[in-house]
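K.L.:
Structural data only, the sequence is not supplied:
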C-alpha cells in the first residue's frame, strides 16, 4: 500500500503555490519539508494538487508555468538524492492537472512527460470544467 500526502487543492488557492515556487529558496524549503514530513510519518511521497498555475483569479502569476516545472525537476532531484543517501525507496511525486483547454496551457508537458520521471498525473474534473 502506498501512503502519500496530498497538498494544495481548490481551497488552498493558487497564490500559495505561486509564492512558494517563485524563488529557489522557497522551492527548496518546501521540498525539504516534504522530505522531512514523509520520513517522519513513513509516507511514500507527495501529491501536488496545484490545479491552476498561472491563473490570475486563483492568485497565479505568469511565471507559474516555469516555476512549477522547476519545482517538479528540483523535487525529483532532491528525492533521488535522499533515496541515494538514506538507501530508502525514492519518494513518489504525483500531480493533479486541470483538463480544461484554457488551463492545460499552464503546464509544461515536457516536464510532466520527462522520461524516467516517476510521477502520476490525475485529472481534476469539476462541475464548471464541463
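P.N.:
The structure has been received and is ready for your questions. The shown structure was predicted, so the numbers you read here are calculated from the model rather than taken from an experiment.
K.L.:
Going by C-alpha atoms from here, please, whenever you check contacts or count neighbours.
P.N.:
Noted.
K.L.:
Is the residue nearest in space to the middle of the chain within a helix or a strand, and which one?
P.N.:
Central residue of the chain (CA atoms, centre = their mean): residue 48, 3.7 Å from the mean position. If you go by DSSP states H and E, residue 48 is part of strand 45-49.
K.L.:
strand partners of that strand, parallel vs antiparallel please.
P.N.:
Paired strands of strand 45-49, with direction, are strand 4-8 (parallel), strand 92-97 (parallel) (DSSP bridges).
K.L.:
could those be laid out in a markdown table, adding distance to residue 83 and mean pLDDT?
P.N.:
Shown next, in a markdown table, are the strands paired with strand 45-49 (distance: least, CA to CA, whole Å; pLDDT from 0 to 100):
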| stretch | distance to residue 83 | mean pLDDT |
| --- | --- | --- |
| strand 4-8 | 16 | 77 |
| strand 92-97 | 11 | 84 |
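K.L.:
ranking the ones you listed by burial, who's on top?
P.N.:
Most buried of these by mean neighbour count (mean count of other CA atoms under 10 Å) is strand 92-97; its value is a mean of 20.
K.L.:
after that strand comes which helix or strand?
P.N.:
Following strand 92-97 in sequence order, the next helix or strand is helix 101-104 (DSSP H and E).
K.L.:
quick one: contacts of that following helix?
P.N.:
Residues from elsewhere that reach helix 101-104 (CA atoms under 8 Å, 6 or more residues apart in numbering): 52, 53, 55, 97, 98.
K.L.:
how about the residues you listed, which pair is most distant?
P.N.:
55 and 97 (12.8 Å; CA to CA).
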